[in-house]
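>>> no sequence for this one, just the structure:
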């Protein structure tokens, strides 16, 4: 059984209509943990932390099994509205809590089934775009997340879904694009970060946002499937997937390069 740590902000937590979610196949599982104990259960249309809403998990698990032929267990830890500083830099340290849950899952599942791959999926960034996180800071913190997960949990790969946007104004869009450029660059600079989707950038134009920031269930199904397909390419073909561009990122990448050069000169 492969273990997947699903982390990030609200779109990783899941905000979709569960009635429109895919139904998970019998090879999809979820690890649960609360004050009463632990459990490994067949995956439903929602996850323990999704508050009754739909997530990427069923569509991801279905496509992952089709491609990889392995049972998959999702360990879910996502926090609404979280910025990257909340994961590794400020008093919240959400990454510590996520890793603790992952370790407990690893021990619990390991007594019931052989464990195969261990990897993480990171779906986050819109909050950093809206509130103007420095993209160089974001780039470096994302690399730290990948490094910590590898060092402390033996999670060899963290697969990154590039951020979407936070409506409505153009400045928010520009800031979100800069965070997206930082995610791309972090994946180029650190071997254990792998970009597996650019899809979220196009959700607004395709009518797949249900409000100013959250992906609708159709979008979550699409995203889960694409992430699984590109993880399959990474493992089966031993290469990073080539992703179709879904947004005009040229200016954002230019700004990021200018900021990187300024950092070096200092």
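That came through fine. Remember, it's a predicted structure, so these values are computed and weren't measured experimentally.
>>> residues making contact with the helix or strand of the chain with the lowest mean pLDDT?
Lowest by mean pLDDT, DSSP states H and E among the helices and strands of the chain is helix 250-265, with a mean of 88. Identification of contacts with helix 250-265 by CB atoms under 8 Å, 6 or more residues apart in numbering yields 134-136, 139, 174, 177-178, 180-182, 184-185. Quick note: C-beta positions are derived from backbone N, CA and C, even for glycine.
>>> Which of those residues fall within helices?
135-136, 139, 174, 177-178, 180-182, 184-185 (DSSP state H).
>>> Just confirm residue 74 is within a strand.
Yes: under DSSP: H, G, I helix; E, B strand; the rest coil, residue 74 sits within a strand.
>>> could you pull out the helices for the stretch 1-150 of the chain?
Along the stretch 1-150 of the chain, the stretches classed as helices by DSSP state H, counting those that start in this stretch are 10-13, 57-68, 84-88, 94-110, 126-130, 135-153.
>>> who's in contact with the shortest one?
Outside of helix 10-13, the residues that reach it under the criterion CB under 8 Å, 6+ apart are 6, 49-51, 53, 55-56, 76, 78-81, 121-124, 126, 164, 200, 213-215, 220.
>>> which of these are buried?
Among the contacts of helix 10-13, the ones that count as buried by 16 or more other CB atoms under 10 Å are 6, 49-50, 53, 55-56, 76, 78-79, 121-124, 126, 164, 200, 213-215, 220.
>>> Those residues in strands, which ones?
Judged by DSSP state E, those include 6, 76, 78, 121-123 as members of strands.
>>> picking that back up, okay if I get the helices of the stretch 1-150 of the chain as JSON lines plus mean pLDDT and distance to residue 35?
Listed next are the helices of the stretch 1-150 of the chain as JSON lines, based on pLDDT from 0 to 100; distance: least, CB to CB, whole Å:
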{"stretch": "helix 10-13", "mean pLDDT": "98", "distance to residue 35": "20"}
{"stretch": "helix 57-68", "mean pLDDT": "98", "distance to residue 35": "23"}
{"stretch": "helix 84-88", "mean pLDDT": "97", "distance to residue 35": "23"}
{"stretch": "helix 94-110", "mean pLDDT": "98", "distance to residue 35": "13"}
{"stretch": "helix 126-130", "mean pLDDT": "96", "distance to residue 35": "29"}
{"stretch": "helix 135-153", "mean pLDDT": "98", "distance to residue 35": "23"}
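>>> Tabulate these in CSV, adding columns for distance to residue 243.
As requested, these are exported to CSV (distance: least, CB to CB, whole Å):
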stretch, distance to residue 243
helix 10-13, 18
helix 57-68, 16
helix 84-88, 21
helix 94-110, 25
helix 126-130, 19
helix 135-153, 17
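>>> for the ones you listed, which one sits closest to residue 33?
Of all the helices of the stretch 1-150 of the chain, it is helix 94-110 that lies closest to residue 33, at 5.9 Å by CB to CB.
>>> Using the neighbour-count criterion, name the buried positions in that closest one.
94-95, 98-99, 101-102, 105-106, 108-109.
>>> Next: stretch 229-243.
Neighbour counts over stretch 229-243 (16+ other CB under 10 Å) mark 229-235, 241 as buried.
>>> Run through who's touching that stretch.
Contacts of stretch 229-243 (CB under 8 Å, 6+ apart): 63-64, 67-68, 117, 119, 157, 159, 194-198.
>>> roughly how far is it from the heart of the chain?
Put simply, stretch 229-243 sits 16 Å off its chain's centre (CA atoms, centre = their mean, to the nearest Å).
>>> how far does that stretch stretch from start to finish?
Distance across stretch 229-243, first residue to last, is 11 Å (CA to CA, to the nearest Å).
>>> same question for that stretch, mean pLDDT?
Mean per-residue pLDDT for stretch 229-243: 98.
>>> any idea which of the ones in helices among the contacts of helix 250-265 has the most stuff around it?
Highest neighbour count within those: residue 182, with 31 neighbours (other CB atoms under 10 Å).
>>> State the pLDDT value of it.
In the predicted model, residue 182 carries a pLDDT score of 98.
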